[in-house]
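Asks: let me see the structure of the following:
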Amino acid sequence: MELFNDMALFVEVVKAKGFRSAADAMGMPNSTLSRRISALEKEIGLRLLHRTTRKIELTEAGQIYFERCKRIVDEARLAHEQLGEMLAQPSGVLRASMPVDFAATYLAPLIAEFASLYPGITFDFDVTPRRVDLVSEPFDVAIRMGESENSQLIARTLTSLKPYLYASPGYLERSGEPSKPADLEKHECLTILKSGMWTLHDRKRTATVSVGGRFKLNSVGMIRRLATLDMGIILMSKELVADELSSGKLHQIMPGWHGTPMPVYAMTETRLLPAKTQRFIEFLRERLGQR
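Replies: All right, here's what the predicted structure looks like:
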């Protein structure tokens, strides 16, 4: 890289027909530029320039070297411009794995917006509860919720979702409305599989309560649906129940309390990402960060 940079400096000196003009154009000290060219001549073992107090002239070897350097520098600049164009409009198939409920209820509008911005990208999504293997399966990125895995994967935080307590008007009319965490032990609570404890926080306190009920499920969508059917209380981020809240099917209860924030990550196998993946992650981070 250092040699290439010195070659580019040499080309600029020749094109400017002098060190001072080239140095002024590049915003660097004349002495530094002269020293770099001298070092280049020493490194390649050729005298490239005849220096006088008024001008410079190319030696015979310098003329040949200049033509070759100019071709290399021009090709490098063209490649850089083409890469910039590729980055500006990335293309190809973006293969991503996402949690089914989070993708369907919250990410879908963002994905539609991203697709309109980058018409050259097509999408192959695996929207299932399973955690794909980014090492052995051909996925560019996986969106995951919860604590980051202890693995060799690269985790980029997109946002953090804070869960709150919700119940339907019918359930509250039938069972009453809890006012403090301890009251939840007497209510039907819809939980994810083995999760029988809820940790809640207000501005100053933390309370851990034992919760349970007739249903334990592995689907956020099913839990949300049962809650609208008066079957119990749920602890969920507002992003996942936005439609139910706006329609009045669910109401927030105990508004001073919330669950432990759940981080959302974009997981990749490597830090060296193609443009389509890099832009997708950057877009989600920007949009989700504006919540």
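Asks: the closest residue in space to Gly146 that isn't next to it in sequence bridge partners, please.
Replies: Nearest residue to Gly146, sequence neighbours excluded (C-beta to C-beta, 6 or more residues apart in numbering): Met262, at 6.1 Å. From N, CA and C alone the C-beta is placed, and that goes for glycine too. Going by DSSP bridges, Met262 is paired in beta bridges with Leu161.
Asks: mind checking how far Met262 is from Ile234?
Replies: 14 Å (C-beta to C-beta, to the nearest Å).
Asks: so between those two, which is more surrounded?
Replies: Comparing Met262 with Ile234 by other C-beta atoms under 10 Å, the one with more neighbours is Ile234, at 25 against 16.
Asks: which helices and strands does the helix or strand where that one lies pack with?
Replies: Per DSSP states H and E, Ile234 falls inside strand 234-237. Contact here means 3 or more C-beta pairs under 8 Å, 6 or more residues apart in numbering; DSSP states H and E; on that basis strand 234-237 packs against strand 163-167, helix 220-228.
Asks: can you put these in TSV and add mean neighbour count and distance to Val135?
Replies: Output for these, formatted as TSV (neighbours: other C-beta atoms under 10 Å; distance: least, C-beta to C-beta, whole Å):
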stretch	mean neighbour count	distance to Val135
strand 163-167	23	31
helix 220-228	20	27
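Asks: wait, what's in contact with the closest residue to Ala76 other than its chain neighbours?
Replies: Spatial nearest neighbour of Ala76, excluding adjacent residues (C-beta to C-beta, 6+ apart): Phe4 at 7.2 Å. Counting by C-beta atoms under 8 Å, 6 or more residues apart in numbering, Phe4 makes contact with 72-73, 76.
Asks: by neighbour count, which of the residues you listed wins?
Replies: Ranking the contacts of Phe4 using other C-beta under 10 Å puts Val73 first, with 18 neighbours.
Asks: do you know how far that one is from Lys42?
Replies: From Val73 to Lys42 the distance is 20 Å (C-beta to C-beta).
Asks: what's the answer for Asp140, then?
Replies: Relative to Lys42, and taking C-beta to C-beta, Asp140 is found at 47 Å.
Asks: do the same with Leu49
Replies: From Leu49 to Lys42 the distance is 13 Å (C-beta to C-beta).
Asks: now the residue positioned nearest the centre of the chain: which helix or strand?
Replies: Nearest to the mean C-alpha position of the chain, by C-alpha atoms, centre = their mean, lies Ile281 at 2.8 Å. Element membership of Ile281, judged by DSSP H and E, is helix 275-289.
Asks: list the buried ones in that helix?
Replies: Residues of helix 275-289 classed as buried: 275-281, 283-285, 287-288 (neighbour count, 16 or more other C-beta atoms under 10 Å).
Asks: swap in stretch 32-43?
Replies: Under 16+ other C-beta under 10 Å, the buried positions of stretch 32-43 are 33-34, 36-37, 40-41.
Asks: what of stretch 94-108?
Replies: Going by 16+ other C-beta under 10 Å, stretch 94-108 has these buried residues: 94-99, 101-103, 105-107.
Asks: lowest-scoring secondary structure element of this protein by mean pLDDT?
Replies: Comparing helices and strands within the chain by mean pLDDT, DSSP states H and E singles out helix 60-88 as the least confident, with a mean of 81.
Asks: immediately after it, which helix or strand?
Replies: Taking DSSP H and E as the definition, the helix or strand right after helix 60-88 is strand 92-98.
Asks: next one: the very next helix or strand once past that following strand to chain centre, how far?
Replies: Per DSSP H and E, the first helix or strand lying C-terminal to strand 92-98 is helix 100-102. Centre-to-centre, helix 100-102 and its host chain are 18 Å apart (C-alpha atoms, centre = their mean, to the nearest Å).
Asks: what does stretch 22-39 give?
Replies: That offset, for stretch 22-39, works out to 40 Å (C-alpha atoms, centre = their mean).
Asks: tell me which residues are up against that stretch.
Replies: 6, 9-10, 12-13, 15-16, 19-20, 48-49.
Asks: likewise stretch 93-104?
Replies: With C-beta under 8 Å, 6+ apart as the criterion, stretch 93-104 contacts 107, 111, 121-129, 131-132, 138-145, 219-221, 224, 239-240, 264, 276-277, 280.
Asks: centre of the chain to it, how far?
Replies: 14 Å.
Asks: mean confidence score for it?
Replies: If you average the pLDDT over stretch 93-104, you get 90.
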